[in-house]
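S.K.: Quick one: sequence and predicted model below, then my questions.
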Amino acid sequence: MPSLRLPEFTLAGRSNVGKSSALNTLAGRPNKKIAKVSKTPGSTRLINLYRLGNVCTITDLPGYGYAKVSKEMQDDWRKQIEAYMRRREELKLAVLFVDAQRDPQESDAQLLDFLEAEAKSTLVVATKADKLAKQALQSSLEYLRESLALPSDQPIALSSVTGLGKREVWGAINEICTRSATIDGER
Ligand SMILES: Nc1nc2c(ncn2[C@@H]2O[C@H](COP(=O)(O)OP(=O)(O)OP(=O)(O)O)[C@@H](O)[C@H]2O)c(=O)[nH]1
Ligand SMILES: [Mg+2]
């Protein structure tokens, strides 16, 4: 992969959870899409690299856990994703997307464990928040927080349809990347 010498963060999570949609929303272009979105899981099949001006780069990853993609291909994607997360020097943060409507999955917990073992910063975002009423959303966020042992300000709720949570997600990304830049500088 080419290096663009900018801080990079990556969008990870199960297939169909809304990673590519979140990228379009975070990039400010929910209607003028830069990333391909599809109702069918398994739509993102490569590690796609995007540059947002001179601010940062974002990588959109294939999702995991989609049964219709062959086991060989899933294993291959997993290896590629893990190698990327391990070796990519520019990588400051992995944003893990989970579906606000669903219980957390084993694969989500596994990815968080992997990232923790690799000493990578993580941020968990709960997508499709527009599909739940306010109270149900709060309960779901609490449940995700407890089950995945997240800090008190996570997961952040995001809707790629209404834009809810977009500022909060950017705020958290900014804070984590600034913190990691300071640590790098102190080394
Ligand atoms: N209501 C609602 N639908 C969403 C939201 N985000 C994504 N979707 C829908 O969910 C489906 C999957 O979205 P994608 O962004 O392609 O999901 P992905 O995680 O990139 O999927 P893969 O590339 O297959 O891993 C699409 O039909 C989207 O329109 C959201 O915030 N709200
Ligand atoms: Mg995608």
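M.R.: Okay, I see it. Ligands and ions are numbered 1, 2, ... in the order given.
S.K.: residues in this structure within reach of ligand 2, list them.
M.R.: Neighbours of ligand 2 within the chain, by Cβ under 5 Å from the ion: 19-20, 44. To be clear about C-beta, it is placed using only N, CA and C from the backbone, and glycine gets the same treatment.
S.K.: Where does the prediction get shaky in this protein?
M.R.: 29-31, 66-67, 180-187 (pLDDT under 70).
S.K.: which residues in it form strands?
M.R.: Under the criterion DSSP state E, the chain contains strands at 8-13, 48-52, 56-60, 91-99, 121-127, 156-157.
S.K.: Is any residue of the second one near ligand 1?
M.R.: So that's strand 48-52. No. Strand 48-52 is not in contact with ligand 1 by Cβ under 6 Å from any ligand atom; minimum separation 9.5 Å.
S.K.: Without its sequence neighbours, what residue ends up closest to residue 157?
M.R.: Using Cβ to Cβ, 6 or more residues apart in numbering and skipping residues adjacent in sequence, the residue nearest residue 157 is residue 129, 4.0 Å away.
S.K.: Could you dump the strands of the chain into TSV with mean neighbour count and distance to residue 139 added?
M.R.: Formatted as TSV, these follow (neighbours: other Cβ atoms under 10 Å; distance: least, Cβ to Cβ, whole Å):
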stretch	mean neighbour count	distance to residue 139
strand 8-13	24	21
strand 48-52	15	34
strand 56-60	21	30
strand 91-99	23	14
strand 121-127	23	12
strand 156-157	22	12
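S.K.: Which residues are in contact with residue 168?
M.R.: Going by Cβ atoms under 8 Å, 6 or more residues apart in numbering, residue 168 touches 156-158.
S.K.: Could you tell me which residues of the chain lie near ligand 1?
M.R.: 15-21, 37-39, 41-44, 62-63, 127-128, 130-131, 159-161.
S.K.: Show me just the buried residues among those residues.
M.R.: Buried residues within the residues of the chain next to ligand 1, counting neighbours by 16 or more other Cβ atoms under 10 Å: 15-21, 37, 41-44, 62-63, 127-128, 130, 159-160.
S.K.: Just the ones of those residues in helices?
M.R.: Counting by DSSP state H, those place 19-21 in helices.
S.K.: So which of the residues you listed is the closest to ligand 2?
M.R.: residue 20 (3.3 Å; Cβ to the ion).
S.K.: Please verify my assumption that that closest one contacts residue 41.
M.R.: No. Using Cβ atoms under 8 Å, residue 20 is not in contact with residue 41, being 11.3 Å away.
S.K.: Good, we can wrap up now.
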